[in-house]
Each structure stands twice: as C-alpha cells, then as structure tokens.
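**Student:** sequence isn't available, so here's the structure alone:
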C-alpha cells in the first residue's frame, strides 16, 4: 500500500517502546498499533524525530519498522529515513519499502539556508531513494533551523511528484496553511495533504485553516482523532472544548528535551507501553515533573474520562 | 527608587503605543501605566524585546521611558538597554537612570556560546553601565540562541552584585527554577528573584517551582497577578483554573512574529491602547487571525468576565 | 558626491583610531585619510564591521564620519549604518548624508533565512533611508550567517535601483562573481560593481573572475591597489607575485577576533595610527602574537620594501 | 596497535577514492596508503569529515576502513565514527576496532552549546564505545558550530582517560594551543598531543606554539611532513619558506564546499587517485577553477619540484 495522495485524519507518530533494560519491547509495539487501529487512526509514522531513531542500530530500526508495518496491516505506515547522507537514506528506504512501508519522511539537514539549497536537497534525496517512493516533506524550523516559505514548498511539490504529504510544524504556521490551501483552490498548485505536527499545539485553528489532520505524537491520539472529526463535521465549539481540555497537558508534553519522557510516561500510565523507559541519551523526568503530570491528568480527568487512570502504586 | 533585591509579583512588559500614523501615543502610555497600577502590578518593564525598541529613535526611547517612569510614580520601572555595543548601552543606561529608572535589563548577544563568553559579556556590561545600576539578567534561549546553565547564572549573580533579578524564559525551564531555588535554600548562592517570561506559558507550574512572579507582556496582566496571588496563597486549583481558562488565548498570543500584533489588538480591544498600530517592520494580523482572536475572547469570556468586551463595530 | 554606479579600485575599510585612553584620535584620522589619498584609493568606508562602530556613542560616530568625509574631499566616503532597527539606521543615514557621505553600507541581520526575508529586509531598509541614498549591499555569510544566492542579489539589485555596489565577502565566492558578471554581460541584470572583502584572501583570483576592486581593511591597502592595477593591466604573474608575498601576513590578519588588533598594530607600526589601541571589548594580542607579526613583517620585507619598518624599541 | 598517548608527526586525512561510476576504488586506496608510508606519515585518519563518509553505506565504510588498516600495517589508523546517535557510533567503533583500528575520532553534534552539554556528550560517547577505545577529540567550531574552551578540553581530557589526541581546528587557534601546552607544562593537566587541522592554514605558527603535528588532508601531505620536521629541528626560516610556497594553493583547497573537489583533483594529478570523482552530493570544480588550480600548481612548481606534474592532455 502506498501513501495516498489524499491522506487525511490522524497519523500518530509512534514512539519506540523499550524494556527497562533497553531491549526493544515487541509486545508494546503490538499493543500500540492495535490501539491506533482501534481509535480510528488513518495511518502511522515510525522512526520520526521523537522515535529515538538515532539510538537504534540499523537492524533494530528495520525490526521496529517491520513489526509496525505487519501489525498495522491495512494502515499505511510512513518511516522516517532522515540521515546525514544519502547512502544511509537510500539503504533504509529500500529496505522498509520492500517490507511494505507506505512511504518515507525526510527532514532537511540543519545546514540548508537558501531556497535553492532546500529545493536542491529534496531533488537529490528523490534521486537517492527513487521517484517511485512517496515521501512526506517535514517542515519543522524550530528543530531543524531550516525555514521553508510556501513558495519553496510549492516548488518542491511541483517539481517532485512523489512529494505526497506535508508534515507541517512551522511556528507560527496558521498563515502558511491558508496560503498553501488557497493556492490549491486557485489551481496554482496541485493538491497537497497537510497534516500538522508540533505536538498539535494549534490543531484547533489549523483544522479551521484547512489542515487535513494531524501527524504528531501526543499521548492522547484519540483526542486528536476526536478534534479532527468534530472539526471536519463542523462542530466547532465541541472541537475546541475537547482540545482546550487537553491543552494544559499537551503544552507540558510539548517541552523540548523532557517532552519525550512525559509522552512515554503517559503512554505507560495508559497501559500502552509496558515501561516508560528511554534509551540514553535521555532527559529523565524528575519526581516533581512526574507529580506535575499526575496533577495535569487529574485535572484533565474532570473533562475527559480517558484521563481517569488507575492510581500509581 | 532602585529595583529591590527581593522583587516579586508581576512586572508587565509594556508595549510602546503608537498612533495610526506612527507617532508615539502618550495618552495610551498613561492609560497603560494607570492600568498596571490599578491591577496591582509590582513594577514594569519598558523597551523590552516586544516593546519595538529598535524602531524608536534615541530621543523617542528616552521619551517613552521617561513618561512611563513619571506616571508609574512609586512603581519601579526597568528599562531594556540591550544594544549591539556597550557605548549605546552605557549612554541609554545613564540617561534613564538619571530620569528615575529602577534598573535596566540586558539580553545577551546571539554570538555568545561558551560559559566563559557569557560571564565575560556581563562582566563587561557592568563595567560599561556601572556597578551601581541594578540589572535584570534575561535568559531567553529561544530568541537569543544563548544557553545559560544554572551554573553560569550563579557565576554571574555571584560575581556581579548588581545582578538583581532573573527574567527566566528558558524553554523548558521548570528544572532550572528548581535548581536555582534549591541552591539559594542550601546557601550555595545568594537570593535571586526569578520572574518568568515566555508569555507565561508555564506560569502555573513555574510558581509552584518557586518563581517569584511574572515579567511578561500577556494582554491580561490582571490574570497574571491573579495566578501569582492565588499560587502564593496556596490556592492551587483556583490558580490553575484561572490559568487554564486563559491558556488557549495566551498560547495564541505567544506565537513569534504575529504575537505582538495579537497583543496590541487585545490591549486595544480592552480599551487600553487607542490603536493596535505597530511600526514597520511588523507582521500584521490577517482578517482570519483577527476572527480567531475574537473567537478566543468569546470562549474566554465564559470563564473570565474581563474578556467580555464590547463587540467590534 | 554620490557613490558612482561604476565604482572600481580600492575602497579601504578605515579603522577608528583611538588614543591610549580611549578618546578618538583625530590626528590619526587625518593621517589615515591622507595616506589613502596618496596611495590611489578610489574611496573609503567608515564605521564598518571592523571599525568598532558599536563601541562609539552616536555623537562619536557622527564625529568620526564627518572628519573622514571632510578630509577625504574628492573621494567618496561610504558609511556603515547597519543597526538592529530601522529607526537608528534612518537617523544615522540622514545625518551622514547631510554631512557629505557618498552612500551607506547595510549588512543583513543574522535572523534572515529565506530568500523572501532577505529581499524584504532590503526593501524595508530602502523605505527607511530613502531611495535616493546609494547603498552598498554587504554579503558576508561567515559573519552574519545570512546566505544570499546570486539570484537574491539580482532580485535586490533589480528591484532597488539605489543598490549601487556589492561588497562581496562570501566564502567561497569565486563562482558567485563569475555568475553575476556573466548575467551582466548577457544583459540579464544591470551592471553592479563588485568590490571584494574578506580581508582580500582571494583578491588575486577574484580580480580575474571580474571583480572591480577591493573594499577591505588589510593594513597594506597600497598592496591592494597594486594588485588591482596589475590585474587590470593584464600583468597576471606580477599581480600574483605581489599578492603571494603578502599572503602569509594577510592570512594572519584575517583571523576573527584578534585580527583587528593585528591590523591596528600594523597600522601603528607603519606610522599611520598614533596608537594601536582598541576600545573594549577587544581581543588583545599576546606577546607571542606580536612577535609572530614582527616575524611576518621581516619575512615580507624581503619582497616588499614597504614592510621594512623601524625596529620596535 | 593502539593510538599512542604521545602521537606526533603527520596523520593525513585520507579521502575515499571512487571510480568514475561511483564504485570504491581499491587500487587507489592502496596507492594512497603506500604513499603515506613512503613520505613518513606517522598514522592516518579515514572516514573523516572530508572522507565522504555520509555517502557510504555501512558495509562500504567498513570495507574502506578495513582496507586502509590492512595496507597501513604498522601505522595507526584512526576511524571517524561521528554519528547522529550513539547506537551507530558504537556499532561502527566495535567493528573497526575488531579489524585493527588504532582509535576513533568523534566530532560534537552541532546542537551542543553549554560547557556542560559538551562534556556530557563526550561522557556518553565513551560510555557507548567503551572506555578502552582511544578517541580523538575533534574541535572544529567553523564546521560544527560548537565552541570548546581550553577549560572544557581539559575537563574532557581529565575525566575521560581514553581521550588520546586533540584534532585542533579552531580558528583562530594559536592562543588555545599555547594555553593547553602551558597547562601541561605546569602540571595542570596531563599531556595531550595536539595535531592541527583546518587544512593546515596556520601550521607554520601552530608548530611554534607547541603543536605536535598535523592531522589534515591537504593534497601535499609530504609538505606537511617537511614543515613539521623542519620546525621540530629548529630550522624556522626553512619551515616557513616551504610553507609559504604552498600557502596560495593550500588556501585555495581550504575553501568550504569546492575544496574537496580541488583536493581530489590534485591527488589525481599527482597520480595517487585514478579518478578525481566524488559521489553526489558534490560541489564540482568549474573549468575556470580547474585552470586556476593548474595556475597555482605551475607557480608552486617554481619552488617545489613535487608540483611539477605532467601536463593535462
């Protein structure tokens, strides 16, 4: 199955589950994927920026991706293949596509500056991986220090037909969505699905600006599915009510560094991960941070029953 | 009046009000300051990063600062004096201190990298402005690309007795507050008031970590005063309830670039600024953004009467 | 006198001379300018990146620029007016143009990334200073972290007729000169004088690529004049012989940080500056560095009599 | 054989030779290594920043390193293992050490800023690769944007006994060498061999400051050996004469981007590489650049017979 040219809905960014001793936790992979299927995810993404990909040896990366792909069955699985060189990117792409990946996600290296450098980089990446592999363009200036204007995104999308989705994580980014969607409406560029990231911090208004869904890793992807559906159904205030209830926690999880520990802690508390363990290097949660997250959960539980979790022993 | 060594509470960051034609709007300066006094602000800061200081000619900067200082009367006024060179920093410091400023705020230039460079910079800044001028250390890595560890902050604070307050805007920053406050408690450093910025995105938990207040420009500084007081009074859930009600709007205002337009629009809607005008260069709000802000206000008004504003004509 | 649209030759970047106690040294300003006139400079630039402009108070900047302009008489004087905001840029521009400056030089702020941001910045700068003021576009990615492609330079030059010269300091930069000069030759853009900076580290081949001269501060501007003339006269090997003799010292002076101390030391040793003093903050030369510079001078003196200086006491 | 704790002399950075069609060129690997042995190199480094390592698939990296190690026989071979994650770093280290590598070289990721982050990174790297593997600390701020003070280098070297050599490529860097060597002389830190990189642009004075040799890739490593030996033998002027003769070409090769094409072209012209081919992405030399390099060679040949190469057909 290939990543569809009209992707929409929620593609959760899957974390890589580990046992306490650092081994890959296959049972949790299965549990996570089953959960994504159950909540109505439209696809999923593995080995992304927050999937701890750089901490995996090559064989492990393949192992994780393959297990996710098989378990996801009918759901398209996108695999992050960003790498410092095209050789590694090409090798990983070839292997995961052979194993049934729907496409790959490529982030720009932090050294790119000019419009021409950015377009040129994606041109070379497509030469490396092959123009028959659908790819997701990741636009995340806060992390990668690469700024892509709407014009540059259109150039990449127009020149490279295998560009199939935009993972939009610019900040601020509302006007960018409006600009791109207006261009599509005017016929100034072909359709480009936009799924938003940045831990969904602006999902509420991004949907209203025309985004097609979310592609991020917040520990309540079921909330993301809910907001996307309510928004697409025109139930504006209900969408905002649901979103706003989660915003204090979502904001807490969005912190750089410690955020991934928070996310894994939450997924562990929800029973989806056997352990909240990260591989080193990691920014662990302090006891105070853990208490803050429990406090946020308790407050959230007043509005969303899914946050009513069993007490920590 | 000098910036006290035990500053606490809310020091709003004042915007610079302009008329539609770009002239400085003195009536709005007075109205803003009166408002800060009325809501219980403990001080205020002018010509900060979001005070459009670089768009002012030197005489205008002095004019704005002087008017604020006079109107604020008993409140300490801190003036931002960050500059590419020490000559301009020294000149502006001398002039505003003569006019009654309580102290100055100094941000690090983006070129600093190593711990020694950072400490050395502040040592030279103090040589330039004089060691009798209280200064606020601004720690805002997201904007300035300079990362100060707690160790570096302690070195600066220990070596330079005129370092009187930390404007804390690191992100994430909760553990940094805990570390610094623990050091003070242990006697490992002398007391250092910490007032938080970053549009107060984490004010709720920052207060619980030991912050002494807020030093930021959110358009509802009265909410900041409320959260700080509730938190200091131990009314934890009430503090969070108030904060959470504002979080959707506060997050919207925190966006880089367009955020200042949002803030001025809100202050205009609240009747504090005669006009929401910015001087160029500015990122204006689109009509869609304006409608989003009105929507956020309407939703906020369900929880906080201060957001019940007259309809836009 | 206005900066001519066909500038060529050598425009030395003048340092700001100080007395040992930090006061501006007017006699050395006069001596420097007289020297530039005597060696056949075509113009000169003051208050540039290495003119210690940020260490001057506003009145001092005006004083230095005015004295240079008057003394230079018939030579066009370009004044650096880069500033963190357009208000200061406009004010300084207005004042120096009234006093007879030939034009201004504007460097981009380090925050610019995309092509549109860069073009937009210069558009706004011209609105601020007025489109009747000739300006020099400074392209120095190593220092400013802003990368301008030839396409962006052409866009700026085409859209803004007051763009009168390119101070070219990209590294590497040979192909950029070839591209721009080819475009002019093909009629794809109007003529744009290119004077090279970066301490002239590639002046030899930059001239062969079509550069029109040099706009940099090496302590032997008479060598720069010589290389430019020999190259323009077709005496290729003689130009390289002269250049190569200076390259060991030129490279030493080009070091970031300490380079300006080296340059002022050399100008002092040549009798042009009464003192090698810099204002703080400065990176002073160690005794070892001073001995190395003397060694480089002694070796250079075997090839170029101008380096035969009286012994240090 | 392990990298000795008193390394000195020249460790050339070996390029990765390719055939025109992109395959690895084993015959050229052998020829290169034999040449390094013949000129008196003390060791060599493979898969460095300019070894095109990111363009190699994992098996190819191992193949290149292994062939170099075997051919080098008695010479210690250092392998670059910098990677975005510790998993890949550990895997490659284990494999090359099993095949006889003398140690590894580790560059810092560009995201490191504070002193503590830098020390922490190397601590974790040593945990990943094992504290029995000698490693070379690469200090190259111009490329990696990470600035290490002498204090930080001493902390790493003191805390991590497997830190065996400093590849010094700071710019400027002369005072850093003096500081570190003075500390060793005073007993303030244990001995640390310093071999200089940055294409040897300051090798002449770096040797006089106490550097122990060179660890860089200039296409005339025999010149580097000559300068190091002359300098160590106290023949100061002869060392400078040899160095200065090469400086025009060396500076040309040092250009970012195109520099590697220049280097491979020169090694091809010297008969050491069968082809000057680079793998994509590459910055190719223009015909003009090629003519400039030939011109530089012709001029160099007047002073150094090694530059008298057969004419290009």
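**Tutor:** Perfect, thanks for sending it. None of the values given here were measured: they were computed from a predicted structure.
**Student:** between the longest helix seen in chain A and helix B:236-253, how big is the angle?
**Tutor:** The residue-count maximum for a helix in chain A (DSSP state H) belongs to helix A:236-253. Relative orientation of helix A:236-253 versus helix B:236-253 (axes from the mean of the first three to the mean of the last three Cα atoms, to 10 degrees): 100 degrees.
**Student:** quick one: buried residues of helix A:236-253?
**Tutor:** A:239-240, A:242-253 (16 or more other Cβ atoms under 10 Å in any protein chain shown). All C-beta atoms are positioned from the backbone trio N, CA, C, and that covers glycine.
**Student:** what is the most widely separated pair among these?
**Tutor:** Using Cβ to Cβ, the pair of these lying farthest apart is A:239 and A:252, separated by 21.0 Å.
**Student:** the least confident helix or strand in chain A by mean pLDDT and chain D, any residue contact?
**Tutor:** Ranked by mean pLDDT, DSSP states H and E, the weakest helix or strand in chain A is helix A:141-144, scoring a mean of 88. No. Figure legend: helix A:141-144 not in contact with chain D (Cβ under 8 Å from any Cβ of the partner chain); closest approach 9.5 Å.
**Student:** buried residues in that helix?
**Tutor:** A:141, A:143-144.
**Student:** name the residues of the stretch 1-150 of chain A found near chain D, please.
**Tutor:** Looking at chain D, the residues of the stretch 1-150 of chain A close enough under Cβ under 8 Å from any Cβ are A:53-58, A:60, A:83-88, A:90-91, A:110, A:121, A:124, A:127.
**Student:** equivalent analysis for the stretch 151-300 of chain A, please.
**Tutor:** Residues of the stretch 151-300 of chain A lying near chain D (Cβ under 8 Å from any Cβ): A:279-281.
**Student:** buried subset of these as a ChimeraX selection?
**Tutor:** Of these, the buried ones can be selected in ChimeraX as follows, counting by 16+ other Cβ under 10 Å:
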select /A:279,281
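**Student:** nearest to chain D among the residues of the stretch 151-300 of chain A next to chain D?
**Tutor:** Nearest to chain D among those is residue A:281, at 5.2 Å by Cβ to the nearest Cβ.
**Student:** now the closest one, what's its secondary structure?
**Tutor:** coil (DSSP: H, G, I helix; E, B strand; the rest coil).
**Student:** that one against residue D:124, yeah?
**Tutor:** Yes. Between residue A:281 and residue D:124 a contact is recorded at 5.2 Å, counting by Cβ atoms under 8 Å.
**Student:** which neighbours do those two have in common?
**Tutor:** residue D:86 (Cβ atoms under 8 Å, 6 or more residues apart in numbering or on different chains).
**Student:** any residues touching the longest helix of chain A, and which ones?
**Tutor:** A:199-201, A:203-204, A:207-208, A:218-220, A:223, A:226-227, A:230-231, A:259, A:262-263, A:266, A:292-293, A:296-297, A:299-300, A:303-304, A:307, B:201-202, B:204-205, B:240, B:243-244, B:247-248, B:251, B:299.
**Student:** filter those down to the buried ones.
**Tutor:** A:199-201, A:203-204, A:207-208, A:218-220, A:223, A:226-227, A:230-231, A:259, A:262-263, A:266, A:292-293, A:296-297, A:299-300, A:304, A:307, B:201-202, B:204-205, B:240, B:243-244, B:247-248, B:251, B:299.
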